[in-house]
Structures are given as structure tokens and as C-alpha cells.
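Enquirer: The following comprises the amino acid sequence and a computationally predicted model.
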Amino acid sequence: MTSPRWHEQLFGSARARSLLRFAAVAALSGGLYASFCAVLIKYLSIDQRIATVLAYVSSMIFNYMGHRFYTFDSSGSYNTEIMKYIIVHTVNIICYAAIMHVSVFIVKINFLYAMIISIIFVPILNYIIFDRWVFPESSRLKNPV
């Protein structure tokens, strides 16, 4: 019997595959947000603030569906999951603002470093909360594919 290849060892567990799926959905959601925002502003001349909200909501819908069906393959109640998902995104906004405030105005570091901290911290927190609370009925982690 041959030993598993490096990628099988690294990505062989259901948790590792779930993390990769999470990252893929997040990257696609970010790309959708940026693209939609750019089209609304550049080609449709929509106010930047309105375009940002429209693009964010659109990417949230894609993000929810991607995580529900692809990352976690959840069989939970749509209504319950959507409400929890919205709560998590509300907390995200608070976290981003709090990290920026504490980092820039209290600790006095450059805002770019604060952005990097929040871009690392918030998605990690999201994965944990999605896994444990928003999509607890994840058949993908219970029955790995």
C-alpha cells in the first residue's frame, strides 16, 4: 500500500475540504461584489454608496447559497439559517468597524494594518460561527464526501 500524497494528507479531511470550499465561496463572493459594484458605478452611473449596498446584498445572497449548498451542504431550515446569517453579517460590520477603531484610534497603527487584521480575523470568525451556529445541520462534515 502506498502512502497518501501530500495533497491527500493536507486536504483529505472533511474539515480541510470544508475550509477550502469556504475560501472558494468567499473569493467568488468578493469578486461578485467588486464586479457588480464597478458595473453599477462605471456603466450605470449609480451613486457609489447605493452601488456598494446593492453589490453587497447581491454578494450576500450568492455567499449564503454557496455556503449552504457547497461549503456545508446544510439540511437545516432556510428561515432559521437566513436569520442567523443576517445576524452574523451584522456582527461582521460591527467587528470591522471595531477593529478599525481600536487599531487606528486607540493602538494608533496605520489603517492598512487594521484592514489586514480584520480581513484575517473576520473570515476565521465567520467560518467558526457558520459551522457551529448558522449551518449546524451540515451533512458534508457529518458524512464526508
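Expert: Received the coordinates, thanks.

Enquirer: Point me to the helix or strand that includes the residue nearest to the spatial centre of the chain.
Expert: In the chain, the residue lying closest to the centroid (C-alpha atoms, centre = their mean) is Ala26, at 4.6 Å. Secondary structure from DSSP states H and E places Ala26 in helix 14-42.

Enquirer: And that helix, what's buried?
Expert: Under the neighbour-count criterion of 16 or more other C-beta atoms under 10 Å, helix 14-42 has 17-19, 21-22, 25-26, 29, 32-33, 36-37, 40-41 buried. No exception for glycine: its C-beta is placed from N, CA and C like everyone else's.

Enquirer: show me what contacts Ser118?
Expert: By C-beta atoms under 8 Å, 6 or more residues apart in numbering, Ser118 lies in contact with 95-96, 99-100.

Enquirer: what do you get if the cut-off is 10 Å, keeping everything else the same?
Expert: Counting by C-beta atoms under 10 Å, 6 or more residues apart in numbering, Ser118 touches 92, 95-100, 103.

Enquirer: ok, and the most crowded of those residues?
Expert: Ser103 (20 neighbours; other C-beta atoms under 10 Å).
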